[in-house]
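*Asks:* kindly generate the corresponding structure for this input.
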Amino acid sequence: MTDEVPESAGAPAESAPKEPSLEEQLAERTADLQRLQAEYVNYKRRVDRDRELVRAQGEAAVLHSLLTVLDDIARAADHGELEGGFKAVADALHQAVAKHKLQSFGAEGEPFDPAHHEAVFHAGESAEVDTTTVHSVMRTGYKHGDRVLRPATVGVVDPAAAVAPDPSTSSGTGDDGAEAGEQDVLTDEAPNE
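*Replies:* The predicted model follows:
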């Protein structure tokens, strides 16, 4: 026989699971509770945000369906047909849509903004404006809060060009010079002879 001692007889038990102390259990449960609370708060925020988004989309859809009615009321007002009881109904409708943050835009003289206006024609240049400006309005635009429901359909006018053409770009001769001379007609300068 050998003089070896069996491992289980002489060595202490190392692999026996040690039970966590009360402080460790409390820390673990507290961490679990904090994690669940954070998940709940995030869930609640997400649900509230989604609920508000759905409400705003529904409100925008209803307001969008009323735009043709508002257009008809505006045309009636332009032709002097908005009188009596019909005027009272139109005023009540305008107040109702204003409560839901429907705003109209697209008046003559506004600076042109491609995010809010749809330009369908160019009315030339004017010395009276500094930037591209709404010249005439064919259809009023509407927005709900920051969201554009319908862009305004407008005609625009550009500021008058006050700079003379650069003489280094054309020599005034040949086919290119003739085309450049035709473009010079748009300025106030007399053409070269």
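
*Asks:* mind listing the strands in this structure by residue range?
*Replies:* With strands called from DSSP state E, the chain shows them at 102-105, 117-126, 133-139, 141-144, 147-150, 152-159.

*Asks:* out of those strands, which comes closest to Ile73?
*Replies:* Closest to Ile73 of these is strand 102-105 (CB to CB; 11.4 Å). For every residue, glycine as well, the C-beta is placed using N, CA and C.

*Asks:* which parts of the closest one are buried?
*Replies:* Neighbour counts over strand 102-105 (16 or more other CB atoms under 10 Å) mark 102, 104-105 as buried.

*Asks:* which residues touch the residue at minimal distance from the centre of the chain?
*Replies:* With distances taken as CA atoms, centre = their mean, the residue of the chain nearest its centroid is Arg147 (5.3 Å). Contacts for Arg147 (CB atoms under 8 Å, 6 or more residues apart in numbering) come out as Ala60.

*Asks:* longest helix in this protein, please.
*Replies:* Ranked by number of residues, the top helix in the chain under DSSP state H is helix 22-65.

*Asks:* which helices and strands does it pack with?
*Replies:* Secondary-structure packing of helix 22-65 (3 or more CB pairs under 8 Å, 6 or more residues apart in numbering; DSSP states H and E): strand 141-144, strand 147-150.

*Asks:* what mean pLDDT does it have?
*Replies:* On average, the pLDDT along helix 22-65 is 94.

*Asks:* same thing with stretch 139-149?
*Replies:* Per-region confidence: stretch 139-149 scores 91 on mean pLDDT.

*Asks:* what comes up buried for that stretch?
*Replies:* Within stretch 139-149, the residues that qualify as buried are 139-144, 148-149, counting by 16+ other CB under 10 Å.

*Asks:* and that stretch, how far from the chain's centre?
*Replies:* Chain-centre distance of stretch 139-149: 10 Å, with CA atoms, centre = their mean, to the nearest Å.

*Asks:* also stretch 53-70?
*Replies:* Using CA atoms, centre = their mean, the offset of stretch 53-70 from its chain centre is 16 Å.

*Asks:* and Glu28, what does it touch?
*Replies:* By CB under 8 Å, 6+ apart, Glu28 lies in contact with Pro20.

*Asks:* picking up where we left off before, any idea how far the residue nearest to the centre of the chain is from Thr140?
*Replies:* Computed as CB to CB, to the nearest Å, the Arg147 to Thr140 distance reads 16 Å.

*Asks:* let's have the strands of the chain in a markdown table, adding distance to Arg29.
*Replies:* Formatted as a markdown table, the strands of the chain follow (distance: least, CB to CB, whole Å):
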| stretch | distance to Arg29 |
| --- | --- |
| strand 102-105 | 52 |
| strand 117-126 | 61 |
| strand 133-139 | 64 |
| strand 141-144 | 48 |
| strand 147-150 | 46 |
| strand 152-159 | 61 |
